[in-house]
Structures are given as structure tokens and as C-alpha cells.
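1. got a predicted model here, sequence first, then my questions.
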Amino acid sequence: MANFNIKDYVSFNCLDCKFVLIMLALIALEIIDLLPEYLGSEFLNKIYDSFYDYRIMNLFLSYLAHILFIIPDYFLNKKLKEETNENNSSKKTVSISYLTFKYICKEPEEGNGNLTSQDISLTILACIIDLFVECFYIFVDDYLCEKEEEESYNDVFYFFQIIILSFYAKYFLNQKFYKYHYFSEALLILFEIIRNIFIIIDGNFSFSRLLVELFYMLGKSYVYVYFKFLMENKYISVYNCCYLLGIINAPILFIIYLIISFIPCSSEIFCSIGYIDNFIEFFKNIDFPTFVAYILNAITFALYTFVINLTIKNYPIFHLIILFQITEIMSSLFSSPLDSVFFIIEIIFICIFAEIIILKFCNLNGNNKEDINKRALSDDKGEDIYDRLNSDEKNKNKESEEV
């Protein structure tokens, strides 16, 4: 009987250093976000209550922080132009800043750099969709948390995220899907169905939560995929995508904020201060340390967007779900350890989808990058052999003709 060798059935594509750094950056941001919640100090609880009371201000400052990315974008563009001029006049060693810019942004020749009126309209639409789903989520999530008597465990549905991303990627990015995509997707859906059956039996399933998460994923997935389209085809840098969100959404939200600040509200869930939000009350009631906490929270949110956009630019869109899954594992380690086990199992299926885990049985590894590269190498070798044989044959014919 032949010896069983796991390498004949499964192999792994090691994550490159860039993606590991991105994961570490995201983990650091997640720790910054989660740590105050688990420290439980009176000061931090006061800040979190303030975030709840002034949701619009918190979101407005977050979009405002996105505009700060225009600063590194300006200096790197300026440095790039200077170094390009220097390289044209004399051969000179390229500096680290130039390499950094090349790492983050595409070169002009790699994209056409021309935004049509349709591109501009769709970009504005993507930013407004991002604003709308963020506003929708923070208010509806508060409503559901207030109304649901028990905590629901099914607050993330990543098999929906993969389906939605696949649909958008096929339309905007001409993404092709193969056997291993469908196989991993089927495994993930089956696992989630089984998991949610147990949640329903346990009485913790929330259909309202499902609808909210589905709506949020539809909006955010469109933004992610369209920004990837811009970065790949229209020479839009990571920094551009970050500050566009701020430039478009911050003024819109500011106008909305001015309007709702003068509309009284009596809802106990949405209007704990007598308004949905009120900028006058905000500056009256917020002390300096709490305001600093708002600024730090806004910067953290902007850096989170930057990390997401870096991933979108450098990797297939489905690598995002790995990052999201890691954050869910971290947040559930304290609140629900059983959920963290489920998320770890799910991340295995997602890694198959993202070609990090390669299945070699039943021809499931056909048409993945590793398989395509092997075929390309063998084709090149075959062509070289054919060319050499053809050349030898021609030389022989030539020699016979001379004789």
C-alpha cells in the first residue's frame, strides 16, 4: 500500500512580508479599539458613552481625518517628480521615498490616469454609499442592541460577503472563478448553515441582524471593489482613495449635522441628549481629554481605511475577508470563545478561496496561480526545446544543401 503524503493533497502558499505587515497593522488597530472596552475604567466608559451620544460628530471627525492623507500624497508626488527629472538628466540611485511611492502607487504607464465623467460619478456614488451605510449601521445597530433581549451570536455572515464580493468582482474586475472557488464557497455556506441551525435551536438567531449585516456588506463591498478598479485601471493611489472619502463625505455630513442639530428628538434609543446629535451640546459638554479621545479615534478609523486600501491594491479582493475574520477572532476571544473556534474554521475555507491553501485532489488546483505558473514554465521549456530542434534541423538542411 502506498504511503499517504499530505503534500500530495494539500499545499500552502506562504504569505508574503507585505501581507503579514498589513495583518499586524490591522491587529494593532483592533487592539487599540478593543483594549478600552476590556480595561473597564470609569474614564474610558465615559468616553464610550460620549461616542454613543455624539455619533454624527464621531463619524464626521473620522471622515475629516481621511483628508489628512492628502499630505503624504502631495509630498510623495512632489518627490517622485523631482527624482524622475533627476533620473532623466543623470543616472542616479533611486531614493527610499521613490521606492516607497512605487510600493504604494502605480506608475503612470500602468494606468491611463484619465477619469471619465462616468468614473467621477461612480466614485462620488461609492463615497456616498460608504457614508450612508456607516450612518445606517451605527443607528440601526444601536436600535437592535437596545431591542434584543439576549445577545445574538450570528452577527457576521462572511459567506454572504464572499458571494457579494464575487458578484461585484466579476462585473467590475472581470474576475474568473474556478473549481476551488466554488468548492470552498460551498464548504463555507454549508458550515454557516449548520452553525446557524444550532444558533436557531439555542434561540439566539436574529433575522433583523442578518438583514442589517447583509445591507452593510452590499454597500461596503461595492466601495471596496470599485476602489480596486480605480487603483488598477485609473492610476488612483491608495492615498487618493483615502482622502476622496473625506473630501466628499465630510462636507455632506457637516451639512446634515447642522440640520439635525436644531431638530429636537424624543426617542430614548436615538436621542439620549434630546437630539439625534447636536454640535453645540458637544462643545459644551466635552472636556479636553475626551476631545483628544475623539481625535485619536478618528485617526484610528482613517488608518484602518488605509490598511484596507493597501490590501485592496496589492492583493486579490478576497484577502480582505481574511483580515475581517482575524478581527472577529480577536473580538470574540473574550466575549464568546466558541465563536472564535467557528471563525478559525471559517478562515480555513476562506484561505482555500484566496489560494493560500491549495487543494490538489479532484483537480481542484486547476487554474490557480501555482498551476498556471507551472504550466507557463513547462510551455516555455517546451518552446525552447522546439526552437532548438527546429534550429538544429535548419542547420542540418543548410549543411546538406552546401554539400
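-> Happy to help now that I have it. Numbering: from 1, shown residues only.

2. ranking helices and strands of this structure by mean pLDDT, which lands last?
-> helix 96-104 (a mean of 42; mean pLDDT, DSSP states H and E).

3. which neighbouring elements make contact with the next helix or strand after it?
-> Per DSSP states H and E, the first helix or strand lying C-terminal to helix 96-104 is helix 117-147. In terms of contacts (3 or more Cβ pairs under 8 Å, 6 or more residues apart in numbering; DSSP states H and E), helix 117-147 is packed against helix 55-66, helix 207-233, helix 238-260. (Each C-beta comes from the backbone N, C-alpha and C, glycine too.)

4. in JSON lines, list those along with mean neighbour count, mean pLDDT and distance to residue 175.
-> As requested, those are exported to JSON lines (neighbours: other Cβ atoms under 10 Å; pLDDT from 0 to 100; distance: least, Cβ to Cβ, whole Å):
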{"stretch": "helix 55-66", "mean neighbour count": "22", "mean pLDDT": "91", "distance to residue 175": "27"}
{"stretch": "helix 207-233", "mean neighbour count": "19", "mean pLDDT": "87", "distance to residue 175": "9"}
{"stretch": "helix 238-260", "mean neighbour count": "19", "mean pLDDT": "91", "distance to residue 175": "19"}
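
5. can you put the ones you listed in a markdown table and add distance to residue 78?
-> A markdown table is the format used below for the helices and strands packed on helix 117-147 (distance: least, Cβ to Cβ, whole Å):
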| stretch | distance to residue 78 |
| --- | --- |
| helix 55-66 | 21 |
| helix 207-233 | 21 |
| helix 238-260 | 13 |
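
6. nearest to residue 122, out of those helices?
-> Nearest to residue 122 among the helices and strands packed on helix 117-147 is helix 207-233; the distance by Cβ to Cβ comes to 6.4 Å.

7. got the angle for that closest one vs helix 238-260?
-> Angle of helix 207-233 versus helix 238-260, following axes from the mean of the first three to the mean of the last three Cα atoms, to 10 degrees, is 140 degrees.

8. now do the contacts for the nearest residue to residue 248 once chain neighbours are set aside.
-> Residue nearest to residue 248 in three dimensions, not counting chain neighbours: residue 127, with 4.1 Å by Cβ to Cβ, 6 or more residues apart in numbering. For residue 127, the contacting residues are 223, 244, 245, 248, 249, by Cβ atoms under 8 Å, 6 or more residues apart in numbering.

9. for residue 127, give its distance to residue 251.
-> Residue 127 sits 11 Å away from residue 251, taking Cβ to Cβ, to the nearest Å as the criterion.

10. give me the common contacts of the two.
-> Joint contacts of residue 127 and residue 251 (Cβ under 8 Å, 6+ apart) do not exist.

11. looking at the helices and strands packed on helix 117-147, spot the one closest to residue 16.
-> helix 238-260 (17.2 Å).

12. tell me the first helix or strand C-terminal of the closest one.
-> helix 279-285.

13. put the alpha carbons of that following helix into PDB.
-> Output in PDB follows, covering the C-alpha atoms of helix 279-285 (Å, rounded to 0.1, in the frame of the first residue of the first chain):
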ATOM      1  CA  PHE A 279     -22.700  70.200  17.800                       C
ATOM      2  CA  ILE A 280     -23.500  73.000  20.300                       C
ATOM      3  CA  GLU A 281     -24.100  70.500  23.100                       C
ATOM      4  CA  PHE A 282     -21.000  68.600  22.000                       C
ATOM      5  CA  PHE A 283     -18.700  71.600  22.600                       C
ATOM      6  CA  LYS A 284     -20.500  72.500  25.800                       C
ATOM      7  CA  ASN A 285     -20.200  69.000  27.400                       C
END
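
14. pLDDT averaged over it - what is it?
-> Taken as a whole, helix 279-285 has a mean pLDDT of 84.

15. for the helix or strand following that helix, what is the average pLDDT?
-> Toward the C-terminal end, the helix or strand that comes next after helix 279-285 (DSSP H and E) is helix 288-314. Mean pLDDT, helix 288-314: 91.

16. try stretch 118-132
-> pLDDT averaged over stretch 118-132 gives 91.

17. how about that stretch as CSV, C-alpha atoms only?
-> Extracted C-alpha coordinates of stretch 118-132, given in CSV (Å, rounded to 0.1, in the frame of the first residue of the first chain):
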residue,chain,number,x,y,z
GLN,A,118,-18.8,58.3,-15.6
ASP,A,119,-15.8,57.4,-13.4
ILE,A,120,-16.2,60.6,-11.4
SER,A,121,-19.9,60.0,-10.9
LEU,A,122,-19.3,56.4,-9.8
THR,A,123,-16.5,57.5,-7.5
ILE,A,124,-18.8,60.1,-5.8
LEU,A,125,-21.5,57.4,-5.6
ALA,A,126,-19.1,55.0,-3.9
CYS,A,127,-18.2,57.6,-1.3
ILE,A,128,-21.8,58.5,-0.6
ILE,A,129,-22.7,54.8,-0.3
ASP,A,130,-19.9,54.4,2.2
LEU,A,131,-21.3,57.4,4.2
PHE,A,132,-24.9,56.1,4.0
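
18. return the set of buried residues in that stretch.
-> For stretch 118-132, burial by neighbour count (16 or more other Cβ atoms under 10 Å) applies to 119, 122, 123, 126, 127, 129, 130, 131.

19. who's in contact with the first one?
-> Just to be clear, that refers to residue 119. Residue 119 neighbours (Cβ under 8 Å, 6+ apart): 230, 234.

20. next one: the third one
-> Contacts for residue 123 were tallied using Cβ under 8 Å, 6+ apart; they are 115, 226, 230, 244.

21. go with 7 Å
-> 230, 244 (Cβ atoms under 7 Å, 6 or more residues apart in numbering).

22. ditto for the last one
-> For residue 131, the residues meeting the contact criterion (Cβ under 7 Å, 6+ apart) are 249, 252, 253.
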